[in-house]
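Asker: Got a sequence here, can you build the structure:
(one chain, ligands or ions: 2)
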Amino acid sequence: MTEAVLLVGGKGTRLQPLTINTPKPMVPAAGVPFLAHQLARARAAGVDHVVLATSYLAEVFEPYFGDGSAHGIRLTYVTEDEPLGTGGAIRSAARALSARPGDPVLVFNGDILTGLDIPDLLLRHERAQADVTLHLTRVADPRAFGLVPTDATGRVLAFTEKPRHPDEIVTDQVNAGCYVFRRQVIDGIPDDRPVSVERETFPGLLADGALLHGVVDGSYWLDLGRPASFVQASADLVRGIVRSPAVPGEPGEYLVLPGAHVERGARLGGGTVVGAGARVGDGADVQGSVVLDGARIEAGAQVRASMVGTGARVGPRTVLDGAVIGDHSEIGADNELREGARIWCGTAIPDAAIRFSAV
Ligand code: GDD
Ligand code: MG
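Answerer: Numbers count the residues shown, from 1 in each chain. Ligands and ions are numbered 1, 2, ... in the order given. Next comes the predicted model:
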């Protein structure tokens, strides 16, 4: 039996306005809540029990995922009254685990899309006889992540979360947000206050001489914390660049969910997903984008690398490029919203009001 803790309690601030009403793991990517992809991947790796560590908007997970049986996995929910941080959440979730002190427990950040070979990570953990094994990935700019230098054997030498000083940037290897913990190490995390696993637990374990083992892996990896990466992840799932058993369709250039209506003269591509009940008008061109349920893309609109929220409307000939349109917003005709533009939920923008600029 393999068990996992999935951390899904963050506020998803960088994804606003999509995370105002919906916690980040419940925002749909390639047609289903992102969390469904993580559960499907965990299940495919042999995980049979997942504890969801919830906090922000905790109440929306259970109505969708229930006891997990529809997803072929047993799900337990542990909700923090106050956010306990990543370490506190792992400790709190451990109450629901059956793993014995020496058993391995997988822990996943809830916003990572990766092609990591999870059984291989478990195997490496066993072989190294590590206290904690960390999945590491190399990135061009590591400053937004946890830096994890290792020696030639894979032993972790330090853990520096989001370094502030240039001198601290000693490696391009970063924490990829998936760990294997020996169960008893989790039980050593304080249970009466917030704890950051990155800022407190890992540095503390290293100082105590624990064996933290890093596995650098070059497979697909993306943190979905920002709108551009969320849209990218959805498009890559639709196109099959990264595989998930939860995608409701075969890999292809676009995915249209049942109940959506796309006019024959519309063009879809680049991994676009069109949600249930959404409509795409004649001559509209939608590339590499996420159009959520019930949204309307009017005739001649051009949408690229953007996210259009539930029930939102994009007017005729309007151009979106790298934009996020909040749920139930109304964007009039002939607008142009580019890189970084975010429209709050329920906003109305008149015809031809915004041109050539981000807001
Ligand atoms: N239950 C619970 N309670 N979950 C939480 C809490 C909490 O108080 N705080 C954060 N989480 C969850 C988030 O929902 C997310 O799934 C995960 O913990 C990590 O939090 P983020 O807010 O996404 O952290 P980050 O992206 O800035 O950094 C983390 O991920 C990087 C990789 O993407 C760190 O682990 C970095 O070291 C790492 O490099
Ligand atoms: Mg994150």
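Asker: and Asp282, that's in a helix?
Answerer: No - Asp282 is assigned coil when assessed by DSSP: H, G, I helix; E, B strand; the rest coil, not a helix.
Asker: List, one by one, the residues from the stretch 201-350 of the chain near ligand 1.
Answerer: Listed as neighbours of ligand 1 in the stretch 201-350 of the chain under the rule Cβ under 6 Å from any ligand atom: Asp223, Gly225. Using the backbone N, CA and C atoms, a C-beta is placed for each residue, glycine as well.
Asker: now the helices: where do they sit in the stretch 201-350 of the chain?
Answerer: Using DSSP state H, counting those that start in this stretch, the helices of the stretch 201-350 of the chain run over 202-207, 227-239.
Asker: Surely Asp131 and Leu212 touch.
Answerer: Yes - the criterion here is Cβ atoms under 8 Å, and Asp131 meets it with Leu212 at 6.5 Å.
Asker: Find the residues that touch each one of the two.
Answerer: Leu205 (Cβ atoms under 8 Å, 6 or more residues apart in numbering).
Asker: Low-confidence ranges, the chain, go.
Answerer: Along the chain, the model assigns pLDDT under 70 to residues 356-359.
Asker: can I see the domain layout of it?
Answerer: The chain breaks down into these domains under automatic domain parsing: 3-223, 253-349.
Asker: what's the closest of those domains to Ser244?
Answerer: domain 3-223 (4.1 Å; Cβ to Cβ).
Asker: what about the closest one, how long is it end to end?
Answerer: Using Cα to Cα, to the nearest Å, the end-to-end distance of domain 3-223 comes to 23 Å.
Asker: Tell me if stretch 158-168 is near ligand 1.
Answerer: Yes - judged by Cβ under 6 Å from any ligand atom, stretch 158-168 comes into contact with ligand 1 through Glu161.
Asker: starting at the chain centroid, how far to that stretch?
Answerer: When C-alpha coordinates are averaged (Cα atoms, centre = their mean, to the nearest Å), stretch 158-168 and its chain have centres 24 Å apart.
Asker: Give me the contacts around that stretch.
Answerer: Residues outside stretch 158-168 that contact it (Cβ under 8 Å, 6+ apart): 142-149, 169-170, 175, 196, 198-199, 202-203, 206, 212.
Asker: how does it look with 10 Å?
Answerer: Residues from elsewhere that reach stretch 158-168, judged by Cβ atoms under 10 Å, 6 or more residues apart in numbering: 86, 134, 142-150, 169-171, 174-175, 196-206, 212, 214.
Asker: Check stretch 61-76 too.
Answerer: Contacts of stretch 61-76 (Cβ under 10 Å, 6+ apart): 1, 3-6, 8, 23, 25-26, 32-33, 35-36, 39-40, 42-44, 47-54, 77, 79, 93, 95-97, 245-246.
Asker: Quick check: closest non-adjacent residue to Val216.
Answerer: In space, and not counting its chain neighbours, Val216 is closest to Leu136: 4.7 Å by Cβ to Cβ, 6 or more residues apart in numbering.
Asker: Let me fix that, I meant to ask about Pro83.
Answerer: The nearest residue in space to Pro83 (Cβ to Cβ, 6+ apart) is Ser55, at 4.5 Å.
Asker: measure stretch 240-259 end to end?
Answerer: Distance between the boundary residues of stretch 240-259 (Cα to Cα) amounts to 23 Å.
Asker: buried residues in that stretch?
Answerer: Val242, Ser244, Ala246, Val247, Tyr254, Leu255, Val256, Leu257 (16 or more other Cβ atoms under 10 Å).
Asker: Among those residues, which lie within strands?
Answerer: Here DSSP state E is the test, and these give Tyr254, Leu255, Val256 as lying in strands.
Asker: Give the closest residue to the closest residue to ligand 2 within the stretch 151-300 of the chain in space, chain neighbours not counted.
Answerer: Distances between the stretch 151-300 of the chain and ligand 2 by Cβ to the ion are smallest at Gly225, namely 4.1 Å. Nearest residue to Gly225 in three dimensions, chain neighbours excluded: Arg14, at 5.0 Å (Cβ to Cβ, 6+ apart).
Asker: quick one: secondary structure of the one you found?
Answerer: helix.
Asker: Who are the contact partners of it?
Answerer: The contact partners of Arg14, by Cβ under 10 Å, 6+ apart, come to Lys24, Asp111, Ala144, Asp223, Leu224, Gly225, Arg226, Pro227, Ser229, Phe230.
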